[in-house]
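Colleague: Could you work out the structure for the sequence below:
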Amino acid sequence: MAIVKTLSDLIHDTMDLTSTPPDPEKARGRLICSTGTVANAADDSNTSMYHLATLPGRAVVHEDTFFDVENWGFAQVVIGTKTDTDALVDQTKATENIVQPIAIGDANHGKFWWEVLGLSEQPNVIEIWAHAEADATGAGSMPFRLAYLMP
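Modeller: Predicted structure coming up:
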């Protein structure tokens, strides 16, 4: 077997003119967590919308992001942008109590939030919304944490 010596995408070989410098947001980012809770009433109806947070457009996703949906008042958990309702999460509440849309090593690991949400270009800010696809099954709440890296 060959012995290989190579660099990760966080290391730049300054002696190699073909080497691309690492993205500074990935290489030297600092972790920021926006932690909150959103509540719904028992009579909230289909197409209700809940603005969870606004993130910087250049934020990089982090696997510490989660949504605690155990007491959410809807049977379906739908989280995305204001216009793309299920860009991040679309699953039944019965699937799991803690929804973690970003996992270590998955296809979205280390990407920018705007890429994960399917946006065509980086905006100045990104709004994360929860949506109701049906009437509420009861009053409830959903604690959440949106974790991201910033330079």
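Colleague: and Ile98, how many neighbours does it have?
Modeller: Neighbourhood size, Ile98 [other C-beta atoms under 10 Å]: 10. For glycine as for every other residue, the C-beta is placed from the backbone atoms N, C-alpha and C.
Colleague: my guess is it contacts Asp68, does it?
Modeller: Yes. In this structure, Ile98 is within contact of Asp68 by C-beta atoms under 8 Å, at 5.7 Å.
Colleague: Identify the contacts common to the two.
Modeller: Counting by C-beta atoms under 8 Å, 6 or more residues apart in numbering, Ile98 and Asp68 have no shared contacts at all.
Colleague: quick one, strands of the protein?
Modeller: 30-40, 49-56, 60-61, 66-68, 76-80, 89-92, 98-99, 125-131, 140-150 (DSSP state E).
Colleague: Find out how far the third one is from the centre of the chain, if you would.
Modeller: It refers to strand 60-61. Taking C-alpha atoms, centre = their mean, to the nearest Å, one finds strand 60-61 lying 7 Å from the centre of the chain it belongs to.
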